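S.K.: pasted the sequence and its predicted model underneath.
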Amino acid sequence: MAVQIRSEYDLPTLRIRLSGAGRAGLTHVEFQTVLGGGRPERVAGCTIGQLGLPERLSARDQLPDHRFRIPTELVKALAAAADGLGPSPGPPSNALWLELANPRGYLHLVPWEELLAPLGRPVVRLPNHTVRAQSPSDTLEVALCAGSRSAGTAAATAAVLEQLTGMWIEHSGRHVRAHLFTDLAGHREVARWASGMTPFLVVHDPHDAARCAPSANSLSCAEEPGRVLDPWLRWIRDALQRQALDVVQFVTDGRLSNGRGALALAGTPLRGPQRAASPFVGSAQLSTLLAQVGAWCLVLNAVPGIRSGAALRELADAVAAVRPGVVLVDDLDLDPDLRQLGSAVGMVLGAADPPTTAMPGLVCWAHPKFAESPGTAAMLLTPDRRSTLIGGATQDALTGDRTPSWVASGTRYLEAQQSEWMPDSPDAAEVDPDAAAALRSVSSLLEKHVRRHLDGRPGGAP
């Protein structure tokens with residue numbers, strides 16, 4: 001889908017892939033530039049060793065960001081080639097779109113945004129879906145969760161959550177209702193500074209998460225598709241009482257295991273950091289949570305001082321591969337004042353001028369239409385790339401206050417299925433008629449239940 005998106009929007013793109021053959025395997029990295037649907041042009045190359053990537057990852061290799069590097073001469077060559085591509089057709093006008101093409105190996109673990117900062121331009125990773133997720137209207141429902149296995153002071157946890165809450169209020173251009181989740185140690189401090197800001201801030205009590213503690217059976221299976229097993233994730237889901245969320249954000253550290261990324265949350269909200277912790281939270285559980293609460297945006301922040309960027313980038317990449325929407329990874333050590341994250345949020349929501357400088361601490365997967373004015377119509381899509389399958393009543397429920405989670409979740413499902421069933425070629429005349437009929441049937445069923453809900457009739461919530 002990345003090829004289709006860059007072709008359709010004529011995006012100036014840096015394309016990176018592995019190359020090489022023979023006994024040494026794919027040990028070389030090839031850098032290409034391409035404009036839209038044009039032919040990729042090779043710019044330069046290097047070995048994976050020169051980037052700091054190992055040929056093989058051990059089961060416990062964490063790949064700290066300080067090990068990654070890029071040859072100076074290669075950066076100079078890329079800067080000259082990127083300048084030759086011209087501006088991006090939509091804001092930010094100097095954006096460089098990043099495509100990690102197959103075969104890519106572990107190239108998606110590399111902090112390209114930091115390594116390419118000398119180019120002086122924002123880098124945005126091409127998304128994997130052609131459908132633009134529905135974004136909110138007036139009120140933004142944000143869940144902020146700080147629950148790291150790494151020991152830290154309650155004051156530090158509270159300070160990070162206060163800073164992040166302020167960022168959403170300042171940069172989103174929306175009325176923000178923030179739901180704050182932290183362990184028992186940080187709860188009192190968070191509740192103290194948030195006490196005067198209700199109902200805009202909701203501080204959830206960790207004692208309410210007691211019923212979400214993992215069972216003996218759940219401890220044996222960290223990943224089970226379709227189920228949320230981690231107590232933190234179940235707490236977030238259940239605390240909203242079927243109300244939808246727009247954004248889910250975690251402040252934690254990550255772990256790589258056999259090259260797969262996961263959140264390293266504390267065992268339970270009541271116990272806090274501990275050695276006997278619950279299993280890592282991978283992409284299957286995280287994607288399930290986002291689907292259940294109807295969130296269209298995921299944000300991951302590494303705990304300050306814990307450089308686990310590779311793990312969080314891998315996890316974010318896995319989520320972005322299966323769900324339309326926006327995914328952000330922000331390094332608080334490289335973005336201590338949240339300027340970069342705030343700029344990205346303002347860009348995505350159209351609330352501020354887009355960033356024009358490098359953002360070395362921010363990794364962003366976003367559809368180009370999140371930062372662009374409406375263009376041409378396409379299959380089952382509005383001119384601004386939103387699904388035409390979302391009916392009027394459903395639209396009203398989505399843009400209203402306190403959207404039910406089942407409405408948002410149903411919308412996310414339709415968007416995901418439509419994105420999966422869209423033709424691979426941008427030149428295709430229309431979507432498969434049988435697929436379109438099936439999607440419209442599901443859309444009609446959702447619309448019927450939403451109308452009953454809005455009218456207060458029985459049978460509103462499926």
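M.R.: Nice, thanks for sending it over. Residues are numbered from 1 along each chain as shown.

S.K.: only C-alpha atoms from now on, for both contacts and neighbour counts.
M.R.: Fine.

S.K.: quick one: end-to-end distance for stretch 323-337.
M.R.: Using C-alpha to C-alpha, to the nearest Å, the end-to-end distance of stretch 323-337 comes to 29 Å.

S.K.: ok, the most centrally placed residue in the chain - contacts?
M.R.: Nearest to the mean C-alpha position of the chain, by C-alpha atoms, centre = their mean, lies Val327 at 1.5 Å. For Val327, the contacting residues are Cys297, Leu298, Val299, Ala316, Val319, Ala320, Cys364, Trp365, Ala366, by C-alpha atoms under 8 Å, 6 or more residues apart in numbering.

S.K.: neighbouring strands of the helix or strand containing it in the sheet, and parallel or not?
M.R.: Using DSSP states H and E, the element containing Val327 is strand 326-331. Using DSSP bridges, strand 326-331 pairs in its sheet with strand 297-302 (parallel), strand 362-365 (antiparallel).

S.K.: point out the most buried one among these.
M.R.: Neighbour counts (mean count of other C-alpha atoms under 10 Å) averaged over each of the strands paired with strand 326-331 peak at strand 362-365, with a mean of 26.

S.K.: tell me which helix or strand comes right after it.
M.R.: Where DSSP H and E defines the elements, the next helix or strand beyond strand 362-365 is helix 392-399.

S.K.: just checking, what packs against that following helix?
M.R.: For helix 392-399, the elements it packs on are helix 405-421, helix 433-455, judged by 3 or more C-alpha pairs under 8 Å, 6 or more residues apart in numbering; DSSP states H and E.

S.K.: and the first one, what does it pack against?
M.R.: Helix 405-421 makes packing contacts with helix 283-293, helix 392-399, helix 433-455 when contacts are defined by 3+ C-alpha pairs under 8 Å, 6+ apart.

S.K.: now those as a markdown table including mean pLDDT, mean neighbour count and distance to Glu141?
M.R.: Below are these laid out as a markdown table (pLDDT from 0 to 100; neighbours: other C-alpha atoms under 10 Å; distance: least, C-alpha to C-alpha, whole Å):
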| stretch | mean pLDDT | mean neighbour count | distance to Glu141 |
| --- | --- | --- | --- |
| helix 283-293 | 94 | 23 | 11 |
| helix 392-399 | 77 | 18 | 11 |
| helix 433-455 | 73 | 16 | 20 |
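
S.K.: make a markdown table out of those helices and add distance to Pro54.
M.R.: Output for the helices and strands packed on helix 405-421, formatted as a markdown table (distance: least, C-alpha to C-alpha, whole Å):
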| stretch | distance to Pro54 |
| --- | --- |
| helix 283-293 | 24 |
| helix 392-399 | 46 |
| helix 433-455 | 43 |
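
S.K.: for Met359, find the nearest of those helices.
M.R.: helix 283-293 (25.1 Å; C-alpha to C-alpha).

S.K.: how far out from the middle of the chain is that closest one?
M.R.: 12 Å (C-alpha atoms, centre = their mean, to the nearest Å).

S.K.: pull the number of nearby residues for the closest residue to Pro360 other than its chain neighbours.
M.R.: The shortest distance from Pro360 to any non-neighbouring residue, by C-alpha to C-alpha, 6 or more residues apart in numbering, is to Glu114 (3.9 Å). Glu114 is flanked by 19 other residues according to other C-alpha atoms under 10 Å.

S.K.: did I read that right, Glu114 in a helix?
M.R.: Yes - Glu114: assigned to a helix according to DSSP: H, G, I helix; E, B strand; the rest coil.

S.K.: mind checking how far it is from Gln62?
M.R.: Using C-alpha to C-alpha, Glu114 is found at 18 Å from Gln62.

S.K.: over to Tyr9?
M.R.: 36 Å.

S.K.: give me the more crowded residue out of the two.
M.R.: The residue with more neighbours, out of Tyr9 and Gln62, is Gln62; 20 against 17, by other C-alpha under 10 Å.

S.K.: Glu113 versus that one, what's the distance?
M.R.: Gln62 is 19 Å from Glu113, by C-alpha to C-alpha.

S.K.: quick one: low-confidence ranges for the stretch 1-150 of the chain?
M.R.: The model of the stretch 1-150 of the chain has pLDDT under 70 over residues 21-25, 135-137, 150.

S.K.: distance from the chain centre to stretch 325-341, please.
M.R.: The answer for stretch 325-341 is 11 Å, by C-alpha atoms, centre = their mean.

S.K.: return the set of buried residues in it.
M.R.: The neighbour-count check on stretch 325-341 (16 or more other C-alpha atoms under 10 Å) flags 325-333, 335, 338-341 as buried.

S.K.: same deal with stretch 237-244?
M.R.: Those buried within stretch 237-244 under the rule 16+ other C-alpha under 10 Å are Arg237, Ala239, Leu240, Arg242, Gln243, Ala244.

S.K.: cool, stretch 168-183 as well?
M.R.: 168-174, 176-183.

S.K.: nearest to Asn128, of those?
M.R.: Closest to Asn128, out of all of the buried residues of stretch 168-183 and judged by C-alpha to C-alpha, is Ser172, at 24.1 Å.

S.K.: wait, the closest one sits on Val345?
M.R.: Yes - taking contacts as C-alpha atoms under 8 Å, Ser172 lies within contact range of Val345: 6.0 Å.

S.K.: can you count the residues close to Gly166?
M.R.: Using other C-alpha under 10 Å, Gly166 has 15 neighbouring residues.

S.K.: state the pLDDT value of it.
M.R.: Here the pLDDT value assigned to Gly166 is 94.

S.K.: so which helix or strand takes in it?
M.R.: Using DSSP H and E, Gly166 falls within helix 154-171.

S.K.: who are the packing partners of that helix?
M.R.: Using 3+ C-alpha pairs under 8 Å, 6+ apart: helix 154-171 touches strand 139-146, strand 175-182, helix 184-194, helix 339-348.

S.K.: send the alpha carbons of that helix over as CSV?
M.R.: The C-alpha trace of helix 154-171 is given here as CSV (Å, rounded to 0.1, in the frame of the first residue of the first chain):
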residue,chain,number,x,y,z
ALA,A,154,5.9,9.2,41.9
ALA,A,155,6.7,12.9,41.4
ALA,A,156,8.5,12.1,38.1
THR,A,157,5.5,10.0,36.9
ALA,A,158,3.1,12.8,37.8
ALA,A,159,5.3,15.4,36.1
VAL,A,160,5.3,13.5,32.8
LEU,A,161,1.6,13.0,32.8
GLU,A,162,1.0,16.7,33.6
GLN,A,163,3.3,17.7,30.8
LEU,A,164,1.6,15.4,28.3
THR,A,165,-1.8,16.5,29.3
GLY,A,166,-0.8,20.1,28.7
MET,A,167,0.5,19.2,25.3
TRP,A,168,-2.8,17.8,24.2
ILE,A,169,-4.7,20.8,25.5
GLU,A,170,-2.3,23.3,23.9
HIS,A,171,-1.7,21.7,20.5
